[in-house]
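Novice: From the sequence below, what's the structure:
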Amino acid sequence: MERRQNLNKTLLNALRNGGFIFYARHGEATVGSDLANLNFQNCLTQRNLSEMGRRQAIYYGEILRYLRIPFEIPVSSSPYCRTIETARLAFGSGNVQINPFWVEINRLSENLPSNDRQIILSNLQSILEYIPDKGKNKMIVDHIFPAKVGLGPIPYMGTVIIKPKGRGNGYDIVGQLSLEDWSTLDS
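Specialist: Residues are numbered from 1 along each chain as shown. I've put the predicted structure just below:
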C-alpha cells in the first residue's frame, strides 16, 4: 500500500510540473448511434451526453482543479456535441477550441484503406509528440480508438497520460486513469 501511495505522489507531482498530454474520452453518452446525416452544428443528429456523462464531466474538471494540475488553455475538443459539452463542463465554455482533426479518430473504426489509416495515425503521432508550454499540460477531449489502434479503448472519462519527447522523437504512454483513479492520486 505504501508503494502505491509513493507512486501516486510521484505521478501527481510530475503532472503538477507539466509536460504531459492528457487524452480524455468524453463522458457517458446516450444509447444508440449518430445518425447517418450527422451534422456537427445539430446535436439532434448525434449521440449526446447522458445526465451521468454531464456529472462525470463536471467532476472531472473539479478533481483536476482540486489536484492543482495546470493546463494550457484552450483545451482541444473534437466537433462532436458530446466532446464539446464534456470539455466545456470540465474546463469552462470559453476555454475550449474545436479541432476538426479529432473527427479522424472516429474514422479509424471504419474499414479505411491502409494509406488513409496510416495518414491519420501519422498525424496523431505528430500531435502527441508536441511538448506543452513549460509548467503546463495539454488536454484533448475526444473518443476511443479501436482495440490495438492508436491509444486503444478508453472508458468514459478515462484519460491516457502521454509524455511527448518532441517533434520526430515519439512519445511514451505513462498510464491510463479511470475517472475513479483520479480521486486516489491525492491519498
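Novice: The most centrally placed residue in the chain sits in which helix or strand?
Specialist: What sits nearest the mean C-alpha location of the chain, by C-alpha atoms, centre = their mean, is A24, with 2.0 Å. Here A24, judged by DSSP states H and E, is contained in strand 21-25.
Novice: Using PDB, write down the CA coordinates of that strand.
Specialist: Listed in PDB are the C-alpha atoms of strand 21-25, where the atom choice follows Å, rounded to 0.1, in the frame of the first residue of the first chain:
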ATOM      1  CA  ILE A  21      -0.700  15.400 -22.800                       C
ATOM      2  CA  PHE A  22      -4.000  14.200 -21.400                       C
ATOM      3  CA  TYR A  23      -6.100  12.400 -23.900                       C
ATOM      4  CA  ALA A  24      -9.600  12.000 -22.300                       C
ATOM      5  CA  ARG A  25     -12.600  10.300 -23.600                       C
END
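Novice: quick one: G150 and Q125, what's the gap?
Specialist: Computed with C-beta to C-beta, to the nearest Å, the distance linking G150 and Q125 is 9 Å. Placement of C-beta: from N, CA and C, glycine included.
Novice: neighbour count winner among the two?
Specialist: Set G150 next to Q125 and count neighbours by other C-beta atoms under 10 Å: G150 wins out with 18 against 13.
Novice: which residues touch the more buried one?
Specialist: Contacts for G150 were tallied using C-beta atoms under 8 Å, 6 or more residues apart in numbering; they are I105, L108, L121, L124.
Novice: and with 6 Å instead?
Specialist: L124 (C-beta atoms under 6 Å, 6 or more residues apart in numbering).
Novice: And the pLDDT for it?
Specialist: Per-residue confidence (pLDDT) for G150: 88.
Novice: ok so, going back, what helices or strands is the strand holding A24 leaning on?
Specialist: Strand 21-25 sits against strand 138-142, strand 159-164, with contacts defined as 3 or more C-beta pairs under 6 Å, 6 or more residues apart in numbering; DSSP states H and E.
Novice: Figure out how far that strand is from the centre of its chain.
Specialist: How far strand 21-25 lies from its chain's middle: 2 Å, per C-alpha atoms, centre = their mean, to the nearest Å.
Novice: Quick one: residues in contact with that strand.
Specialist: Applying C-beta under 6 Å, 6+ apart, the contact partners of strand 21-25 are 128, 137-141, 144, 151, 154, 156, 158-160, 162, 164.
Novice: All set, thanks.
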